[in-house]
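Colleague: I would like to see how this sequence folds:
(2 chains)
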Amino acid sequence: MKTQALPGFRDFYPAEAALRNHIFSVWRSVAGRYGFEEYDGPPLEPLKLYTDKSGSEIVQQLYNFLDKGGREISLRPEMTPTLARMVAARAQGLKKPIRWFSIPQLFRYERQQRGRLREHFQLNVDLIGETSPLADAEVIAVSIDVLRELGLTENDFKVRVSDRNVMRALVLAAGVPEGLVDKAFAACDKIDREPAEVLIEKMVAGGISEAAGAEVLKVAGIKGGEALRAALRGLADEDSAKQLFECIDSLRAMGLDGYVEIDCSIVRGLDYYTGIVFELFDAGKSLRAICGGGRYDNLTRDIGGVALPALGFGMGDVVLGELLKDKGLLPRVESQISVFAVAVDSDDLPEVLSLAHELRDKGLSVEYALKGQSVGKQMKVAASRDARVVLVIGAAEREESVVVVRDMAAGTETKVSRELVIERVTGLAASI
RNA sequence: GUGGUUGUAGCUCAGUUGGUUAGAGCACCGGAUUGUGGUUCCGGGGGUCGGGGGUUCAAAUCCCCUCAGCCACCCCA
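Modeller: As a prediction, the model looks like this:
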């Protein structure tokens, strides 16, 4: 019986593993530039860690089960609760602000589609212990620089930024009762995906008046700083956007304002967000969100009992990989080996092994045929492996104590004495 | 979890109203080429036609079930 990977899980063949490593190395390098330190936590957590905070709805999507000890456990669906626990446990001793990042593999049990699997890797960048909107700008800048480093430009993607406090003020001013703000947010979130009548219908069903519902949709349609300023003018909470504007100003000073736009339809799905929120989309919006995040100032208090302001984002490898494929930005496959050593006859093998190992000790990648093959055959293998240098050792060479060194790109050959060959080959392999 | 749609070689696909032993290109392996690569030429392996059941003299083709991919809901790491 044929077995295959479980639905929503991936086999990483060398090409896929190369893409994954490419993404990971850019994630690490950009996070490092901003001074973020890498951490990790367990892939399995007590189910309680997620149910306590998120309520029963998220439990339907959890990859949870009973372990052999009868414990209710779950594969982690997100990193933030683990982070909140870890930070809270040592909150006293950690220097603030805390800049941490992680690349966890996360799991959710739901039906897969393009860009959405049951498992993915996600860059999590979090900044904890700082309320200044410059912290928000800092974190958003990391997300932008990751995409820039991967070769994407401001024509390829945009960060849409909003602020839940601002949206709350606007939605209340639109006539939505205090207790129904969440329902209004849910409608904002879907403004691009569902027709206005349907959204208003849903809000009315939730207890919001039809007039207020129509106003909410107008609010959600606000894009750009000017439109937002105009909408806020004269409101009691006119200053609610101060932080948002400061954040945008900081990004402008960094030279990143071309990537950013204010978009009031962004409110984020999770309940724990408290302030500035943002999502990153490809320019055509043909894919799902590449990245999403925001401020969650109450979460470490709710989970760990230590109140610390915090914000962060998650960026998954799946949508990002799709985007890179679409844009032709897959990493080039590097030459696999530097040197291929050819033994003309089986008598030459010991000398080939000895030379190959000396070169490997120098850090070069070296291969040779694992069974007796004709010289022509071995050359073919060397070419197919993209070897930069081929070394040929036969009876004649051993007799003279030399090695034939062939530069594969130039197609030229020289005889080099056995004593000098290591130096010569390391130089040649590095120079090309 | 609900609905729609697709499934033929490792990949991209062809396969007539059901009709002999299911094909092509690319990839892979071997030979031409037992001391010299990418080209070329020749040859080869590889398919339970997603799986199971049914109709029929005969099924890749028609019917049912199931699994998987994709799309839309749901939900949004």
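
Colleague: residues of the stretch 201-350 of chain A that sit close to RNA strand B?
Modeller: Residues of the stretch 201-350 of chain A found near RNA strand B (Cβ under 7 Å from any atom of the strand) are A:268, A:269, A:270, A:288, A:289, A:292, A:314, A:316, A:318, A:344. Yep, even glycine has a C-beta here, placed from its N, CA and C like the rest.

Colleague: out of those residues, who's nearest RNA strand B?
Modeller: residue A:269 (3.0 Å; Cβ to the nearest atom of the strand).

Colleague: what does the closest one show for phi and psi?
Modeller: Phi and psi for residue A:269, reported as degrees, to the nearest 10, are phi -80, psi -40.

Colleague: now do the same contact list for it.
Modeller: Contacts for residue A:269 (Cβ atoms under 8 Å, 6 or more residues apart in numbering) come out as residue A:189.

Colleague: let's see which of the residues of the stretch 201-350 of chain A next to RNA strand B end up in strands.
Modeller: The members of these that map onto strands under DSSP state E are A:292, A:314, A:316.

Colleague: could you dump the residues you listed to CSV with pLDDT and neighbour count?
Modeller: Shown next, in CSV, are those (pLDDT from 0 to 100; neighbours: other Cβ atoms under 10 Å):
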residue, pLDDT, neighbour count
A:292, 93, 22
A:314, 95, 21
A:316, 94, 21
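
Colleague: make a markdown table out of those residues and add distance to residue A:92.
Modeller: A markdown table is the format used below for those (distance: Cβ to Cβ, whole Å):
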| residue | distance to residue A:92 |
| --- | --- |
| A:292 | 31 |
| A:314 | 27 |
| A:316 | 33 |
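
Colleague: returning to that earlier point: possible to save the residues of the stretch 201-350 of chain A next to RNA strand B as JSON lines with distance to residue A:253?
Modeller: Rendered in JSON lines, the data for these read as follows (distance: Cβ to Cβ, whole Å):
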{"residue": "A:268", "distance to residue A:253": "26"}
{"residue": "A:269", "distance to residue A:253": "31"}
{"residue": "A:270", "distance to residue A:253": "30"}
{"residue": "A:288", "distance to residue A:253": "31"}
{"residue": "A:289", "distance to residue A:253": "26"}
{"residue": "A:292", "distance to residue A:253": "24"}
{"residue": "A:314", "distance to residue A:253": "26"}
{"residue": "A:316", "distance to residue A:253": "29"}
{"residue": "A:318", "distance to residue A:253": "33"}
{"residue": "A:344", "distance to residue A:253": "66"}
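
Colleague: which parts of the stretch 201-350 of chain A are strands?
Modeller: Along the stretch 201-350 of chain A, counting by DSSP state E, counting those that start in this stretch, strands occupy A:260-262, A:276-282, A:291-295, A:310-316, A:339-343.

Colleague: of all those strands, which one comes closest to residue A:242?
Modeller: Among those, strand A:276-282 comes nearest to residue A:242, with 11.2 Å by Cβ to Cβ.
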